[in-house]
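*Asks:* Here is a sequence with its predicted model. Questions after.
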Amino acid sequence: MSRCMAMSKLMFAGALLFAGRRRGGTTAFQLYRQSSATASSAFVTASRAHHPRLPTTSVTTSSNSFPLRASLRDLLEGGNNNARSSSSTAEVVKSTPPTAPTKAAVENRIETTTLPINDNEKTPKTQPLKTSPSSSSSSNSILSISDSYDSGNGEFVSFLIADGEEDYTDVIVHVNIKPDPYTDLEQKSHFQSFSFRSTINYNSPAIRGIFRDKKSIKVKYIVDNASDASYADAWNGASIFVTKKSTPYDADSWYRTSDTTYENGVLSWTHVHELNKEDNGDSSAYFAYFPPYSYERHLGLIAQCAESEGARVFSLGQTVEGREIDCVKVGTGPRKCWIIHRQHPGESMASFYAEGLLTRLLGLNDKWDTVSEKARELFTFYIVPNMNPDGSANGYLRTNAAGSNLNREWYPSPSPPLAADGSDTSSEMYDAPTIHRSPEVYYLLKRMDESGCDAFLDIHGDEALPFNFLAGSQGMSVWGKRLESLHGAFLASYERANQDMQAKVSYDPDKPNEGMTNICSNQIAERFDCFSATLEMPFKQCWGRPAGWGPERASQLGASVLDALCYVQPHLRDDGDFWEGLLDEVSYDPDKPNEGMKNICSNQIAERFDCFSATLEMPFKECWGRPAGWGPERAGRLGASVLDALCYVQPFLRDEGDFWEGLPVEDAYIEPSSKY
């Protein structure tokens, strides 16, 4: 078979060479490449119109093959003088220009300059030059890369048919991540998160040729500019998400690749594409740093909230690109709690967190919940599910449409030494927030000043640390025993409610009075003298927890925050030393020491096994101090909730040391009483 294929390739090459001599030397090859270039121009121009961040560049395949072999590969990868190739069809450029191209060939040509390849470089680099006008495209290409969808970000660079020559892969694809708009304050263009679609087209000449007997092909994807990312070290230990669904917005369909690696400055992984030849269709997959959360899904969530009893949806104002900054107001409680999400648009887990929080708080899944009902009584919530919808839709990592990192726009700060135009600005102040550069923060802060704030959370994702964690406002002047105790009590309760949360790992806290006042949670703590924190979730798997961290568990973490907020609510504005004790709880009057009745079950079990043993009682009457409706359903939920408490005390059940000295003061034993 391989000998026959080789012979057919040579015969095809010979025929083409013969035709080339009739047209003047190697002009046939050159004309083919020029025509293929026209297709590339069509894709670049069309994609730029749909996705404005696509730069005006051309692409070149990487190949160290001999000229004849490169030409054969080029032909097998799709395209001819009459049919244009799709986005990933690349031009193989020879070091010498065509000898006598026709006028039509010159007009249809994309000019590229291939630079010398260094020993450490795997692919040639191209200098961006002018592209030709757009033209139609066809399905002759073996592979296409697209990011022209909500939150998409991925730019095709080049590809190579390996045919099993490297790591048993059939095709190697090189892509780049597109940068955010330039930030004046930080003086850089961030990039890290990405999401793109890759489609293998079985109708291409290569699939019907050298891959015609294959049922699938293995593709290796390489991110060439990974080493230049904002947090390049964070690629270590990362695992890229993939879905084979026809849409990238089915959160449950995403799973992590098992062979993601970061070596020599490039990020890579492989994927096996099935070739559905019988179905006469394409084989696609989506890849992402973390599964995307679309603006359409956001609007759907907002619509659900608007239709929910007890919620009011309103707009704080409009973004740079004119999208509404949606806010959901819920509850009638005395304490004002603001929770905002996704200041950094590439951190899509924050949107899933917001969805979980709102679903539980409003009962959008038709499940009645005592904790959410209690939360609505204790708090008036202001929840902003997406602070940066412009950046989210455009596939940015950290900025809005104006190039502002919103989490550095909460207060004026010193300007960078030099402005973008090179002028000296070292003595000036960077004004923030402003209605032109950061309207998202400007409008929200204005509304917060009107409503007040007793508790605040800013929900984010962290590229490097494989943990869920809380970052406090230790560097602000208001930080003291009160805020420290609130921070500790909130975090301890959160750990009990959801084991994906942990307290041991976080950012190194700022030194006293050295916190950055332009960072959101710091500014809110200082402005309102309240509990304020940044909650971070990982892009990576959660260390120390079962595998499977992703959208669903981010949503569950959002739902669980209500437990922690209800726990600290009584102390948010407590001016006393609340940390020294808790309020009395209601129970039976306890027996005096050594006077318990041994024939009572829990007493006998405690005596017999020297173990934790208790009697749990539930009322026949309504629960005092709780909403009406105590009955079978809430009794069932109380039974389900006992698992949280059991898991919390399990490490200490047979601990013979003084473990109680290490427990938070909120967990201290309270002498009960039957008086109420």
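*Replies:* Nice, thanks for sending it over. Numbers count the residues shown, from 1 in each chain.
*Asks:* Any idea how many residues pack against the nearest residue to Leu562 once chain neighbours are set aside?
*Replies:* The spatial neighbour of Leu562 that comes closest, neighbours along the chain excluded (CB to CB, 6 or more residues apart in numbering), is Ala375 at 4.6 Å. Heads up, the C-betas are built off the backbone N, CA and C, glycines and all. A count of neighbours around Ala375, defined by other CB atoms under 10 Å, yields 24.
*Asks:* same question, Val330
*Replies:* For Val330, using other CB under 10 Å, the count is 24.
*Asks:* try Pro389
*Replies:* The number of residues packed near Pro389 is 25, by other CB under 10 Å.
*Asks:* Then Arg342?
*Replies:* With other CB under 10 Å as criterion, Arg342 counts 28.
*Asks:* For Asn388, see how far away the nearest residue to it once chain neighbours are set aside is.
*Replies:* Closest residue in space to Arg342, ignoring its immediate chain neighbours: Ala350 at 4.2 Å, by CB to CB, 6+ apart. Here Ala350 is placed at a distance of 10 Å from Asn388 (CB to CB, to the nearest Å).
*Asks:* same check, this time on Asp510
*Replies:* 24 Å.
*Asks:* Check Pro248 too.
*Replies:* On the measure of CB to CB, Pro248 and Asn388 end up 19 Å apart.
*Asks:* These two: which is more packed in?
*Replies:* A direct count of neighbours by other CB under 10 Å for Pro248 and Asn388 places Asn388 higher, at 34 against 25.
*Asks:* hang on, the earlier thing: tell me the confidence at the residue nearest to Leu562?
*Replies:* Note for Ala375: predicted pLDDT of 97.
*Asks:* Number the residues from 22 up from this point.
*Replies:* That works, and once the first residue is 22, the last one we named lands at Ala396.
*Asks:* tell me the contacts of it?
*Replies:* 352, 354, 382, 402, 583, 586-587 (CB atoms under 8 Å, 6 or more residues apart in numbering).
*Asks:* mind showing which ranges of the chain have poor pLDDT?
*Replies:* Applying pLDDT under 70 to the chain flags the ranges 22-161, 184-188, 298-303, 439-443, 447, 602-611, 645-649, 685-697.
*Asks:* Out of the contacts of Ala396, who's the most crowded?
*Replies:* Neighbour max across the contacts of Ala396 (other CB under 10 Å) = Leu382, 29 neighbours.
*Asks:* What sits closest to that one if chain neighbours are left out?
*Replies:* Distances taken as CB to CB, 6+ apart place Ser393 nearest to Leu382, at 5.1 Å, with adjacent residues excluded.
*Asks:* Give the buried residues for the host helix or strand of that neighbour.
*Replies:* Per DSSP states H and E: Ser393 is located in helix 391-399. Neighbour-count burial for helix 391-399 flags 391-397, 399 (criterion: 16 or more other CB atoms under 10 Å).
*Asks:* quick one on the thing from earlier: looking at the contacts of Ala396, which is nearest Glu557?
*Replies:* Checking these against Glu557 with CB to CB, the nearest one is Leu586 at 17.6 Å.
*Asks:* Check the spacing between that closest one and Phe599 real quick.
*Replies:* Distance, Leu586 to Phe599, using CB to CB: 16 Å.
*Asks:* residues contacting Asp475?
*Replies:* 356-358, 549, 551-552, 593-594.
*Asks:* Turn these into a markdown table, including distance to Ser248 and neighbour count.
*Replies:* Listed next are these as a markdown table, based on distance: CB to CB, whole Å; neighbours: other CB atoms under 10 Å:
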| residue | distance to Ser248 | neighbour count |
| --- | --- | --- |
| Arg356 | 47 | 20 |
| Lys357 | 45 | 20 |
| Cys358 | 41 | 25 |
| Phe549 | 41 | 19 |
| Cys551 | 41 | 23 |
| Phe552 | 39 | 28 |
| Leu593 | 45 | 21 |
| Arg594 | 49 | 14 |
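*Asks:* Sort out for me which of these are in strands.
*Replies:* Of the contacts of Asp475, the ones assigned to strands by DSSP state E are 356-358, 552.
*Asks:* and these, which two are the farthest apart?
*Replies:* Top of the distance list for the ones in strands among the contacts of Asp475 (CB to CB): Lys357 and Phe552, 11.7 Å.
*Asks:* residues bridging contact with the two, i.e. touching both?
*Replies:* Residues touching both Lys357 and Phe552 by CB under 8 Å, 6+ apart: 475-476.
*Asks:* what's near enough to touch the nearest residue to Lys266 once chain neighbours are set aside?
*Replies:* Nearest residue to Lys266 in three dimensions, chain neighbours excluded: Ser274, at 4.4 Å (CB to CB, 6+ apart). Contacts here follow CB under 8 Å, 6+ apart; on that basis Ser274 touches 264-266.
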